[in-house]
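Novice: have a look at this prediction, sequence included:
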Amino acid sequence: MKTLFTLLLLLSLTIPMTAAEKKSPAKKPAAEEKKAAPAEDKPSAKSEAEAKSLTAAQKTKLLKIINEGDDKELNALPGVGETRTAAIKKARPVAEVLDLLKIEGIGEGTFAELVGWAKGEAPAAPTKADDEKPKAKSKKKAS
């Protein structure tokens, strides 16, 4: 009798549990979830065109600041403040210009500003050499 009672008790506990498992949606494997997610890693055609418009020297200049620049140099870049500076430093090394789009906080707008800066369309960012230059003294005219 005890055996029969134990068996019925176990069945009464396991049947609702298996029914609940069947009702819940099946989880997709991680590989399938990644396929279903939008392709965020692929840059837009506009960004690709902007990156291709840079000369080799301009790419080198931009990547050098991104990979080796200190806080002052990075903050001087258009669209880059303290938060993006920290994200850039965390993402180092950046191998390609388009990899800037993978950095948190850098979208297509900031990317376009950075490309424009590299082309010379924006004010130049200060370099370490600028800090070493003596500042010229201004002369006041006596009237």
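Specialist: Sure, I can see it. Everything numeric here is computed off the predicted structure, so don't read it as measured data.
Novice: which strands and helices sit next to the strand or helix carrying Ile65?
Specialist: Element membership of Ile65, judged by DSSP states H and E, is helix 56-68. Here helix 56-68 touches helix 71-75, helix 108-119, going by 3 or more C-beta pairs under 8 Å, 6 or more residues apart in numbering; DSSP states H and E. Where C-beta positions appear, they are placed from N, C-alpha and C, glycine not excepted.
Novice: nearest to Glu82, out of these?
Specialist: helix 71-75 (6.7 Å; C-beta to C-beta).
Novice: for the record, mean pLDDT for that closest one?
Specialist: Helix 71-75 comes out with an average pLDDT of 93.
Novice: same thing with stretch 84-97?
Specialist: For stretch 84-97, the per-residue pLDDT averages 92.
Novice: buried residues, stretch 76-91. List them.
Specialist: Buried positions in stretch 76-91, judged by neighbour count with 16 or more other C-beta atoms under 10 Å: Ala76, Leu77, Gly79, Val80, Arg84, Thr85, Ile88, Ala91.
Novice: distance of the first one from Glu50?
Specialist: When distances are taken as C-beta to C-beta, to the nearest Å, Ala76 and Glu50 turn out to be 20 Å apart.
Novice: same thing with the fourth one?
Specialist: Counting by C-beta to C-beta, the gap between Val80 and Glu50 amounts to 17 Å.
Novice: from the buried residues of stretch 76-91, pick the one nearest Asp70.
Specialist: Using C-beta to C-beta, the buried residues of stretch 76-91 come closest to Asp70 at Thr85, 9.2 Å.
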